[in-house]
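# give me a model of this one.
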Amino acid sequence: ELYKAAFTAYAEQVQSSIAGVRCIFSFLDPEKENTALQLAWYDSPDLVATAAKESKLTSLIATYAASATDYALVFGSHNEALKPALEATLPGVKVEYSTMGRGFLRDMASYGEGGTPYSKTPMIWVSKRYVKPGRQSNAAKAFQKAADLQYSDANGFYGSFEFSAADHPDMAWSLRFFGDYHDGHIAHFPKVICSWIPARVLFTVLPELDGAGVSGFPLAVAFSTKADIEAACL
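Residues are numbered from 1 along each chain as shown. Just a heads-up that it's a prediction; the model follows:
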């Protein structure tokens, strides 16, 4: 309860005082005791440094008990100011930065006031997945070509980004950020014959991945409603 109250106070302070923080939320891991999952979207790395100066951060950090297995992932761009900012925000946490990054993260400011074109509940997936042995570069190229099509055709698909994992040559960290189920998730893989996206994904992206079903995902987290997840699995 102390963590929940402290995180809520910090998140509300950050979003109310810093323009360009599009989301910042957390939930407790149902499978690992005393562990919290967090996700935040900043328009630029510099905003992380600004958020690290907020007064409510001290109370939040006081609830942390970092361990050697704690980690944070940075999807997208980073600069020299980001590292010390993350060290201040997440003390004792190992941070992994994007290498061989591919995909896209939209400029949320382009949507105008409010930062999002839809008021519906988003679907956000973070996972670690296997690629075929020795095929990391090929997988990256295939993923980028599919992402280019999705960027153009799925306006409600806010982000599709992957980067090579530092601890395994044949694994990648993956992020999918859908504005909602219909305009984001459905649009990113339309079930119609007049789109090139399904063919590109089925015949160039998926063949570069390794493992069938859940075996291809040693880690997967969904910041989504149960109803949306169940619908996406149909």
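
# how close does the residue sitting nearest the centre point of the chain get to residue 102?
Closest to where the C-alpha atoms of the chain average out (C-alpha atoms, centre = their mean) is residue 175, at 4.0 Å. Separation of residue 175 from residue 102 (C-beta to C-beta, to the nearest Å): 11 Å. All C-beta spots, glycine's among them, are computed from the backbone N, C-alpha and C.

# quick one: the strands in the chain?
With strands called from DSSP state E, the chain shows them at 21-28, 36-42, 71-74, 94-97, 102-105, 123-130, 157-164, 171-178, 219-223.

# what stretches of the chain score poorly on pLDDT?
112-119, 213-215 (pLDDT under 70).

# max-length helix in this structure?
Using DSSP state H to define each element, the chain has its longest helix at helix 136-153.

# on that earlier part again, between residue 175 and residue 102, what contacts are shared?
161, 162 (C-beta atoms under 8 Å, 6 or more residues apart in numbering).

# so what's residue 13 up against?
54, 55, 56.

# please repeat the previous calculation with a cut-off of 7 Å.
Applying C-beta atoms under 7 Å, 6 or more residues apart in numbering to residue 13 gives the contacts 54, 56.

# gap between it and residue 55?
According to C-beta to C-beta, residue 13 and residue 55 sit 7 Å apart.

# ok, residue 14 next?
Distance from residue 14 to residue 55, by C-beta to C-beta: 11 Å.

# more neighbours, those two?
Between residue 14 and residue 55, counted using other C-beta atoms under 10 Å, residue 14 has the larger neighbour count: 21 against 10.

# gap between the residue lying closest to that one once chain neighbours are set aside and residue 41?
Nearest-residue entry for residue 14: residue 51, 4.9 Å, with adjacent residues in sequence omitted and distances by C-beta to C-beta, 6 or more residues apart in numbering. Residue 51 sits at a distance of 12 Å from residue 41 (criterion: C-beta to C-beta).

# right, and residue 93 touches residue 70 too?
Yes - at 4.6 Å, residue 93 counts as touching residue 70 under the criterion of C-beta atoms under 7 Å.

# contacting residues around the closest residue in space to residue 204 that isn't next to it in sequence?
Nearest non-adjacent residue to residue 204, counting by C-beta to C-beta, 6+ apart: residue 142, 4.3 Å away. Residue 142 sits next to 204, 205, 208 when contact means C-beta under 7 Å, 6+ apart.

# any idea how far residue 54 is from residue 108?
For residue 108 relative to residue 54 (C-beta to C-beta), the value is 20 Å.

# dump the residue contacts of residue 17.
The contact partners of residue 17, by C-beta under 7 Å, 6+ apart, come to none.

# next one: residue 163
Here residue 163 is in contact with 98, 99, 100, 101, 172, 173 (C-beta under 7 Å, 6+ apart).

# at 10 Å instead, please
73-76, 96-103, 140, 172-175 (C-beta atoms under 10 Å, 6 or more residues apart in numbering).

# report the buried members of these.
73-76, 96-98, 101-103, 140, 172-175 (16 or more other C-beta atoms under 10 Å).
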